[in-house]
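# Using only what follows, build the 3D model:
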Amino acid sequence: MPIVAQSTETTDWVSRFADEVIEESERRAPGKPVVVASGLSPSGPIHLGNLREVMTPHLVADEIRRRGRQVRHLISWDDYDRYRKVPAGVAGVDETWAEHIGKPLTSVPAPKGSAYPNWAEHFKAAMVASLAELGVEFDGISQTEQYTSGVYREQVLHAMKHRQDIDAVLAQYRTKKAPAKKQQKPVDEAELEAAEGSGAAAEDDGSGSAGYFPYKPYCGNCEKDLTTVTSYDDATTELTYACTACGFSETVRLNEFNRGKLVWKVDWPMRWAYEGVVFEPSGVDHSSPGSSFQVGGQIVGIFGGKQPIGPMYAFVGISGMAKMSSSRGGVPTPADALKIMEPQLLRWLYARRRPNQSFKIAFDQEIQRLYDEWDKLDAKVADGSALPADVAAHARAVGTAAGELPKTPRPMPYRTLASVADITAGHEDQALRILSELDPANPLGTLDEVRPRYDKAEAWINTQVPADQRTIVRDEPDAELLKSLDEPSQQSLRLLLDGLAEHWSLDGLTHLVYGVPKVQAGFAADATPKELPPEIKTAQRTFFALLYHLLVGRDTGPRLPTLLLAVGQERVRRLLGE
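Numbering: from 1, shown residues only. The predicted structure is shown next:
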């Protein structure tokens with residue numbers, strides 16, 4: 001099977017794939033644009049796992065474009081697939097959606113309230129918008145349009161003429177049992193569907209009591225694909241089918257009939273040959289015997305084509321969630337991710353890991369650490385200290401061959417912006433005041449300087465942080481707690497209050513709050529950890545907990561320097577008992 005070798009070296013995987021794809025393209029179609037492909041089924045929300053099906057060839061295609069070569073990235077919208085099941089969390093409790101199972105996705109009404117004409121267009125639109133924000137350039141192909149306009153007529157007739165050859169390939173796998181292997185985690189049917197990418201692994205392959213037919217008509221009466229081909233005449237192309245759902249039957253001429261499609265395991269390799277696809281990734285479950293990719297590698301030759309090269313890609317997870325699958329409700333989509341992170345960060349997550357490496361996308365507190373890591377990389381690239389593979393991943397994240405993606409002019413730390421958005425609860429004037437005080441020597445003039453990152457951080461606070469973890473500053477001092485403080489605790493508050501005015505900046509307050517316990521213990525405020533006994537860390541934690549209780553009534557909260565700036569000097573003094 002022509003799979004691109006997946007090295008464990010730290011070199012840039014995208015460049016290596018691009019080298020192989022260009023070489024293979026020149027061998028197959030010299031002088032013509034390189035063709036890479038993805039397939040997406042708009043059967044429900046297209047999730048972040050499916051995005052790997054697009055980002056892998058996108059990154060390779062973009063590298064080829066950067067080298068000055070012509071390349072087409074095709075996205076086949078499998079909108080002529082059957083509607084298999086009502087996705088959890090999409091249609092609610094309305095049972096009427098089940099009556100559409102078996103129809104083409106483009107014949108199913110859109111979810112209630114949608115501005116789009118059908119189910120497929122509704123879910124396709126959200127993905128198209130996200131791909132535009134991510135800078136993904138592609139040529140979209142609607143399989144509904146291809147089949148119903150007769151574009152594939154010759155391919156359909158060819159498949160029917162060579163149905164015995166196709167059947168012989170499939171027969172090799174119908175009797176072959178996959179070797180039993182231990183799975184670390186159970187794989188459910190939904191995950192298998194997600195892994196298959198642009199089609200259904202479980203879809204029947206065309207076998208029937210009347211013989212083998214690789215074509216499936218949609219019923220002329222009920223529009224469903226619960227049909228069985230009962231006869232076919234090669235000379236006249238007359239095909240007779242019966243619908244098991246409604247009992248309808250008819251005879252049509254396949255050389256002029258456009259209401260049906262090839263079964264998936266034949267449809268996919270037919271498209272490889274028709275489009276001249278050189279590179280297309282596939283999900284990890286294609287490694288099993290009889291998978292669509294493996295079977296397609298043999299069937300594509302019947303159509304006069306060759307199997308694409310391409311890596312198998314691993315699952316993408318979400319922090320705190322199991323593997324993704326589009327049949328589960330609430331599975332995050334690219335649009336969900338782009339509400340809380342800039343496109344550069346999302347692109348980087350896919351670019352920095354080889355396709356066969358799984359990774360997680362953070363919707364929890366981990367997003368703050370990811371942003372810290374990204375900002376450190378940004379600084380290393382700027383000063384020339386980043387490793388070559390990291391420089392390459394960074395370059396692929398910040399832009400494409402067409403140019404750099406729009407970026408935040410002044411990218412302050414995400415965790416700081418999130419804390420400010422949390423504390424100010426939507427009051428932009430307060431947010432601007434606090435952010436301007438972070439660096440008094442270079443104050444912020446307008447929130448636009450920190451957008452869109454500030455808006456993403458604010459969206460994360462509002463949509464992903466539980467209400468009981470939000471920060472609510474006290475309205476009045478905790479008189480009872482203040483009255484109960486012992487002398488050392490009172491002294492620590494006095495040291496802090498005495499230094500507020502002089503240290504009123506992010507760096508200054510950081511120095512102050514960490515320095516108070518040091519000074520109390522008889523050390524210099526700027527003493528390093530190596531110069532201090534272990535007890536100082538305990539004293540710092542105790543001091544921090546006291547400040548949190550007095551300011552927000554909890555043991556923890558946003559970073560104290562940011563919190564102090566957010567509360568404001570006058571209010572801090574009042575809440576700390578001055």
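# pLDDT score assigned to Lys483?
pLDDT recorded at Lys483 is 95.
# Got the confidence number for the closest residue to Arg253 other than its chain neighbours?
Once flanking residues are discounted, Arg253 sits nearest to Thr237: 5.3 Å by CB to CB, 6 or more residues apart in numbering. In this view, the C-beta of every residue, glycine as well, is placed from N, C-alpha and C. Thr237 carries a pLDDT value of 98.
# Tell me, how many residues neighbour Thr237?
Applying other CB atoms under 10 Å, we find 18 residues neighbouring Thr237.
# got it, and Ser114?
Neighbours of Ser114 (other CB under 10 Å): 14.
# How much space separates it from His122?
From Ser114 over to His122 the distance is 5 Å, taken as CB to CB, to the nearest Å.
# my read: Val136 touches Glu53, true?
No: with contact defined as CB atoms under 8 Å, Val136 does not count as touching Glu53 (11.6 Å).
# Report the spatially closest residue to Pro533, excluding sequence-adjacent ones.
Spatial nearest neighbour of Pro533, excluding adjacent residues (CB to CB, 6+ apart): Ala521 at 7.9 Å.
# wait, what's in contact with the one you found?
532-533, 535-536, 539 (CB atoms under 8 Å, 6 or more residues apart in numbering).
# The residues you listed in helices, which ones?
Secondary structure from DSSP state H places 535-536, 539 of the contacts of Ala521 in helices.
# Need the residues you listed in a markdown table (columns: pLDDT and distance to Pro42).
Listed next are the ones in helices among the contacts of Ala521 as a markdown table, based on pLDDT from 0 to 100; distance: CB to CB, whole Å:
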| residue | pLDDT | distance to Pro42 |
| --- | --- | --- |
| Glu535 | 92 | 61 |
| Ile536 | 93 | 58 |
| Ala539 | 94 | 58 |
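# Now a ChimeraX select for only the buried ones of these.
Of these, the buried ones can be selected in ChimeraX as follows, counting by 16 or more other CB atoms under 10 Å:
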select :536,539
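# Secondary structure element for His73, which one?
Using DSSP states H and E, His73 maps to strand 71-77.
# For that strand, give the mean pLDDT please.
What strand 71-77 shows for mean pLDDT is 98.
# and it, which strands flank it?
When pairing is defined by DSSP bridges, strand 71-77 lines up against strand 34-40 (parallel), strand 139-142 (parallel).
# Show me how far it is from its chain's centre.
Distance of strand 71-77 from the chain centroid (CA atoms, centre = their mean, to the nearest Å) equals 18 Å.
# Run through who's touching that strand.
Identification of contacts with strand 71-77 by CB under 8 Å, 6+ apart yields 33-42, 54, 57-58, 61, 64-65, 120, 124, 136-143, 198, 271, 275, 277.
# Packing partners of the helix or strand just after it?
Per DSSP H and E, the first helix or strand lying C-terminal to strand 71-77 is helix 119-133. Counting contacts by 3 or more CB pairs under 8 Å, 6 or more residues apart in numbering; DSSP states H and E, helix 119-133 packs against helix 334-340.
# mind redoing it with 10 Å?
Judged by 3 or more CB pairs under 10 Å, 6 or more residues apart in numbering; DSSP states H and E, the packing partners of helix 119-133 are strand 34-40, helix 51-66, strand 71-77, strand 139-142, helix 143-148, helix 334-340, helix 343-351.
# got the angle for the first one vs helix 51-66?
If I follow you right, that is strand 34-40. Angle between the axes of strand 34-40 and helix 51-66 is 160 degrees (criterion: axes from the mean of the first three to the mean of the last three CA atoms, to 10 degrees).
# avg pLDDT for strand 34-40?
Strand 34-40 shows a mean pLDDT of 97.
# That strand: how far from the chain's middle?
Computed by CA atoms, centre = their mean, the chain-centroid distance of strand 34-40 equals 18 Å.
# That strand vs helix 119-133, what angle?
130 degrees.
# Then the longest one?
Here helix 51-66 runs at 50 degrees with respect to helix 119-133, directions being taken by the same axes, to 10 degrees.
# tilt between helix 51-66 and helix 343-351?
100 degrees.
# Kindly report the same for the third one.
Interaxial angle, strand 71-77 versus helix 343-351 (the same axes, to 10 degrees): 90 degrees.
# This completes my enquiry, with thanks.
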